[in-house]
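Asks: Whatever this is, show me its structure:
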Amino acid sequence: MSNPFDDLESGTESGDDEDSSASGKSGRRSTESTTQETTTSTLSPSDEETTGESEASADPAETGPAFEYSEVRQKPLYAKDEEWSQFEKNVRTTIGPRLAQADVVDEATREIHNAVLKLANEQPDRVAELLLEERRSQ
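Replies: Residues are numbered from 1 along each chain as shown. Model (predicted):
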């Protein structure tokens with residue numbers, strides 16, 4: 001598995017942070033391509049066959065994250081401090097214990113974030129309602 005922070009190191013070492021903010025999307029594309037180039041599979045074909053067989057028979061709680069870091073697209077997500085605090089509290093007090101009951105104790109943050117986005121994609125009208133409620137209350 002590759003280092004999830006490889007793209008951050010390459011950007012700060014070459015001073016791309018200032019360049020990417022000034023150039024907009026073109027800076028993001030170069031970072032994304034760098035990330036894609038540095039993430040390669042280290043499994044040989046025989047390893048993949050063995051892994052595939054064991055994953056099919058293994059309990060989901062024992063297989064690790066549902067997807068590898070190389071499958072993610074990292075994007076900033078902006079929210080008010082109070083919402084982040086409540087979200088983190090819910091992860092600790094509700095989501096984490098529920099996963100632990102199912103013997104999942106190694107959940108990755110990317111899995112939780114992906115589940116949150118899935119929920120938003122399943123209920124886009126509710127997301128719009130929440131946004132409108134927030135604006136009306138201002």
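Asks: quick one, what contacts Ala120?
Replies: By C-beta atoms under 8 Å, 6 or more residues apart in numbering, the contact list for Ala120 reads Val127. The way it works is simple: take the backbone N, C-alpha and C, and place the C-beta from them, glycine included.
Asks: scratch that, Phe67 is what I was asking about
Replies: With contacts defined as C-beta under 8 Å, 6+ apart, the neighbours of Phe67 are 110-111, 114.
Asks: Just the element for it, please.
Replies: Following DSSP states H and E, there is no helix or strand that holds Phe67.
Asks: what about it, distance to Arg92?
Replies: The span separating Phe67 from Arg92 equals 23 Å under the rule C-beta to C-beta, to the nearest Å.
Asks: so where's the chain uncertain?
Replies: Counting by pLDDT under 70, the ranges of the chain that qualify are 1-58, 60-61.
Asks: Go again with 50.
Replies: Low-confidence regions of the chain, defined here as pLDDT under 50, cover residues 11-55.
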